[in-house]
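1. Coordinates for the following, if possible.
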Amino acid sequence: MNDIVNFNKAKKARAKQDAKSQAVANRAKFGRTKGEKAIEKAEAAKVVRLLDGAKREE
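-> Model (predicted):
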């Protein structure tokens, strides 16, 4: 004999698994945290300041 399957629970479990796999894909695609974005922005600003400070005036 096979086990009895509740289709509602099976459908919800499959939807949950699909959502988790979609979340993994999105993290790989868009996956930078707010802190990482802030660090990158600060580094870019530092480079701009460094280059602007090194310019010679004519």
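2. burial of residue 51, as a residue count?
-> 9 (other CB atoms under 10 Å). The C-beta positions use only the backbone N, C-alpha and C, and glycine is treated the same way.
3. Look up how far residue 40 lies from it.
-> Going from residue 51 to residue 40 by CB to CB, to the nearest Å gives 17 Å.
4. ditto for residue 24
-> 23 Å.
5. ok, now residue 20?
-> Distance of residue 20 to residue 40, given as CB to CB: 28 Å.
6. Also residue 10?
-> 43 Å.
7. again with residue 15
-> Distance, residue 15 to residue 40, using CB to CB: 35 Å.
8. Likewise for residue 49?
-> Plainly put, residue 49 is 15 Å away from residue 40 if you go by CB to CB.
9. With residue 33 instead?
-> The gap separating residue 33 from residue 40 is 11 Å, by CB to CB.
10. Between those two, tell me which one has more neighbours.
-> A side-by-side neighbour count of residue 33 and residue 40, using other CB under 10 Å, places residue 40 first with 11 against 8.
11. Excluding residues flanking it in the chain, which one is nearest the more buried one?
-> Spatial nearest neighbour of residue 40, excluding adjacent residues (CB to CB, 6 or more residues apart in numbering): residue 32 at 7.8 Å.
12. so the one you found, which of the three states?
-> Assigned with DSSP: H, G, I helix; E, B strand; the rest coil, residue 32 falls in the coil class.
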